[in-house]
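> sequence and predicted model, in that order:
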Amino acid sequence: MKSRLSLTGLCICRRVGQNARHSTGRRYLPGRLLSRALLLCLGLCMVPCTMLSCRKKLEDIIPEEVVPEAQLAAAPEAPAPEPEAAPVPQEEIIVRDTPKAVAAAPFPPAQEPDTSAEEAPAAPRPAENPDYKGGNGTILSYVESDWVRKIIRKCEMEVTVGSMLEDGKRIVYGSMEKENPVATLQDGDELSILQQCTLEYLTEPKDESGSDRGDLWYKIRLADGTDGWINAGDEYLYSTTPYYGNAYEVLGTISSGGRNWTVRKMDQTLSVQEPLSIRDKPGSGSVLYTIRPGSTDPARTDVDVTAVTEEEDTQDGRTDRWVKVRYKDYEGWLFGGYLSSERGGPKYGVPGDRIAFDMGRAP
């Protein structure tokens, strides 16, 4: 299009000059000069346009960059472009990349193996842990296998050997095996009891009350400093073990009659042979029921004892404990000064009294 315009302008200029010459009949110099001047101007304007048009045509024919075939053959094959990673949601970026967004739990520091646990494993505890306020009866060790249950309790007291101690219970062994005796107890020997251990044999038949058969051992220390073990029973543990069934553990306290009474667990049977009132509290509680042996109740009325007070009281010149009992549909407290026991030995199954009695001392 630009070329056509340039040629058209050239023809017009030449035509102007010819018309000027013919009109005068001779050459018209000024018109000729004007024609050449116009041609020069048009030529100068036409050069850039022509160059742009030619460059455009060359670009259409020749690519921007021509690489020789030899260079293409020598060039290594370009790796395939990696696919772009799918955009990660903003919430995931916060969780993964921002430490403040997720507080990961730190790994625990490396610890050396505890070899002490292999040498002295921690003793498991029974399901119910009796409360003895850290005193005698507190369980120090509890181990149970398929055939035996071993319980070691704190039992610290001083005793004197009495004449009623059986011969088989006078032998002192170096361990809880009836081998290698180290001493024999004599009447009047003073010794310290340190611990009580019961071995309950779980595979042997129980007695009618459900008690396990087993061995009762006491760890003792003689006056000369010799330590050893004595076997105080190899029968059913209910009849030989003072702490059987967690007897004498602390159950709580009761305030009554201006005093605080410590209540301890007990499981035995006592008898009433004269009128006696069951009260709702120890001391001066309200009367719930009055037992009248030989009248409204049997001449020898047996009551089930479930607890006793640690403290003693004095009623009508008698000093004794208060006893919690169950009788008929009543549950309350009786003064122990009017109760009696059919069996020999201490009236109450207080462990310390039973141990002293088992060591041969009369109650």
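The structure has been received and is ready for your questions.

> what bits of this structure have low per-residue confidence?
1-128, 362-363 (pLDDT under 70).

> just confirm Y238 is within a helix.
Yes: looking at Y238 with DSSP: H, G, I helix; E, B strand; the rest coil, it is inside a helix.

> contacting residues for it?
207, 209, 211, 244-245 (C-beta atoms under 8 Å, 6 or more residues apart in numbering). Heads up, the C-betas are built off the backbone N, CA and C, glycines and all.

> rerun at 7 Å
Y238 makes contact with 209, 211, 244, according to C-beta atoms under 7 Å, 6 or more residues apart in numbering.

> which of the residues you listed lies closest to V182?
Y244 (27.9 Å; C-beta to C-beta).

> and the gap between that closest one and T198?
8 Å (C-beta to C-beta, to the nearest Å).

> before we move on, what about S271?
29 Å.

> follow-up on the earlier one: find residues that contact each of Y244 and T198.
Counting by C-beta under 7 Å, 6+ apart, the residues touching both Y244 and T198 are L237.

> if you count surrounding residues, which of S271 and T198 has more?
T198 (20 against 16; other C-beta atoms under 10 Å).

> tell me the bridge partners for that one.
With DSSP bridges as the criterion, T198 is bridged to I151, L216.

> hang on, it packs against R153?
No: using C-beta atoms under 7 Å, T198 is not in contact with R153, being 8.0 Å away.

> for ChimeraX, what selects the buried ones among the contacts of Y238?
The buried residues among the contacts of Y238 can be selected in ChimeraX (16 or more other C-beta atoms under 10 Å) with this line:
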select :211,244
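
> mind listing the helices for the protein?
Under the criterion DSSP state H, the chain contains helices at 2-24, 29-61, 69-74, 90-97, 116-119, 237-240, 351-358.

> who's in contact with stretch 298-315?
Contacts made with stretch 298-315 from outside it, assessed by C-beta under 7 Å, 6+ apart, are listed as 251, 261-273, 282-283, 291, 293, 319-327, 334-335, 337, 348.

> any buried residues in it, and which?
For stretch 298-315, by 16+ other C-beta under 10 Å, it's 301, 303, 305-309, 313.

> ok, stretch 252-270 next?
Residues of stretch 252-270 classed as buried by neighbour count (16+ other C-beta under 10 Å): 254, 256, 261, 263-266, 270.

> can you check stretch 346-356 too?
Judged by neighbour count (16+ other C-beta under 10 Å), stretch 346-356 contains these buried residues: 347-356.

> how near is T138 to L216?
From T138 to L216 the distance is 17 Å (C-beta to C-beta).

> which one's more surrounded, those two?
Using other C-beta under 10 Å, the more surrounded residue of T138 and L216 is L216, with 22 against 16.

> what sits against that one?
L216 neighbours (C-beta under 7 Å, 6+ apart): 198, 232-233, 237, 240-241.

> separation between it and L199?
Distance of L216 to L199, given as C-beta to C-beta: 8 Å.

> sorry, back to before: identify the farthest-apart pair in the buried residues of stretch 346-356.
Checking those with C-beta to C-beta, the most distant pair is K347 and I355, at 15.4 Å.

> buried ones in stretch 234-248?
Buried residues in stretch 234-248 (16+ other C-beta under 10 Å): 236-238, 240-244, 246-248.

> is the nearest residue to K133 once chain neighbours are set aside bridged to anything, and to what?
What sits nearest to K133 in space, not counting adjacent residues and going by C-beta to C-beta, 6 or more residues apart in numbering, is V250, at 5.6 Å. Beta-bridge pairing of V250 under DSSP bridges involves R264.

> could you shift the numbering so residue one becomes 28, and keep it that way?
Shifting the count to begin at 28 puts that one at V277.

> who are the contact partners of V277?
158-160, 289, 291.

> from those, which land in strands?
289, 291 (DSSP state E).

> sweet, I'm off.
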